[in-house]
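Q: Next come a sequence and a model predicted from it.
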Amino acid sequence: MELTFKSEMFAIFDDVLTRVDLDALRKHFREGRFSHISNFRARSRVFGILDGDPLVGPSVVQHHPTGLKGATPYPAGNAIDALVQALDDNSNELVPWTGTQGVSWDFFTCTPYLYPVGSGLSWHDDAEERSASYVFYLHDDWRASWGAELLIGGNGDVANRAELLNGMPVPSVGSYVMPHPNRLVVIKSGTPHAVKRVDVTAGENIRMSIAGFFQQLS
Ligand SMILES: O=C(O)CCC(=O)C(=O)O
Ligand SMILES: [Fe+2]
């Protein structure tokens, strides 16, 4: 795992998993059980009705003392365990964005997502009792023309937080992150971000990710 980019609000790490673990994770996704987000839309505050219809798979949770409803505790006995290990093994490197375990967060979640053509995720900030969000990309290949960039609002100048979108202030400038395979992005909670829709040119190619939160016990 190698730090590729960092700012106050987010960090990018590449070459996160070994080839063997990444292939196992892809196989797990191909064989996995996914449901359309639209089935949970009433419960989802983040995915809007116009975000297309991404799919979500069963979550894994790490370091939760009593277990989290609907999530399998680590070790889950599947390929997601390798990502949990990578996050744990490198947790010191993530401190500038996640904060320290036991102080800023107690447990973290890992939720598989599939974004087929036309799907995206509107502006949000994953706030609540979370200290950070992360996303890991595992599809085989992603071309720049296929869209689905992760947009992160802000350039460190809070004066840019002006326009209200979805009821939250979204800065007028910011960064984008290409969803390169084997890439991890860690975002400080409270940082507005969004996923551009997967472009029609992506065809049958699906954006595959595991996303989660570093969270405090409530
Ligand atoms: O998939 C991404 O690039 C970001 C996902 C995200 O922001 C989320 O699931 O909260
Ligand atoms: Fe998010």
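A: Here it is on my side, so go on. Residues are numbered from 1 along each chain as shown. Ligands and ions are numbered 1, 2, ... in the order given.
Q: Only C-alpha atoms from now on, for both contacts and neighbour counts.
A: OK.
Q: In three-state terms, label the residue nearest to residue 203 when sequence neighbours are not counted for me.
A: Spatially, and ignoring its direct neighbours in sequence, residue 203 is nearest to residue 117 (6.5 Å; C-alpha to C-alpha, 6 or more residues apart in numbering). Following DSSP: H, G, I helix; E, B strand; the rest coil, residue 117 is assigned to coil.
Q: Hmm, residue 196 and residue 117 touching each other?
A: No - with contact defined as C-alpha atoms under 8 Å, residue 117 does not count as touching residue 196 (10.8 Å).
Q: For the residue in the chain positioned nearest to ligand 1, which residues are in contact?
A: Closest residue of the chain to ligand 1, C-alpha to the nearest ligand atom: residue 150 (4.6 Å). Residues near residue 150 by C-alpha atoms under 8 Å, 6 or more residues apart in numbering: 176, 177, 178, 179, 193, 194, 195, 196.
Q: The residue lying closest to the fifth one once chain neighbours are set aside - how many residues pack around it?
A: The shortest distance from residue 193 to any residue that is not its chain neighbour, by C-alpha to C-alpha, 6+ apart, is 4.4 Å, and that residue is residue 152. For residue 152, the number of neighbouring residues by other C-alpha atoms under 10 Å comes to 24.
Q: need the helix or strand of the chain with the lowest average pLDDT.
A: Every helix and strand of the chain was ranked by mean pLDDT, DSSP states H and E. The lowest is strand 161-165, at a mean of 61.
Q: coming back round to it: I'd like the distance between the residue nearest to residue 193 and residue 176.
A: According to C-alpha to C-alpha, to the nearest Å, residue 152 stands 6 Å off from residue 176.
Q: repeat for residue 29
A: Distance, residue 29 to residue 176, by C-alpha to C-alpha: 25 Å.
Q: I'd say residue 12 and residue 94 touch.
A: No - applying C-alpha under 8 Å, one finds residue 12 not in contact with residue 94, separated by 10.1 Å.
Q: Close to ligand 1: what parts of this structure are there?
A: 135, 150, 195, 211 (C-alpha under 6 Å from any ligand atom).
Q: So if I had to pick from residue 29 and residue 176, which one is more boxed in?
A: residue 29 (21 against 15).
Q: That one - that's part of a helix, no?
A: Yes - Residue 29: assigned to a helix according to three-state DSSP.
Q: residues in contact with it?
A: residue 112.
Q: what's the pLDDT at it?
A: pLDDT recorded at residue 29 is 97.
Q: do the one 10 residues further on as well
A: Each residue has a pLDDT score; the one for residue 39 is 75.
Q: Kindly report the same for residue 82.
A: 98.
Q: helix, strand or coil for it?
A: Here residue 82 takes the helix state, with states given by three-state DSSP.
Q: For it, give me its contacts.
A: Taking C-alpha under 8 Å, 6+ apart, we find residue 82 in contact with 17, 21.
Q: Good, we can wrap up now.
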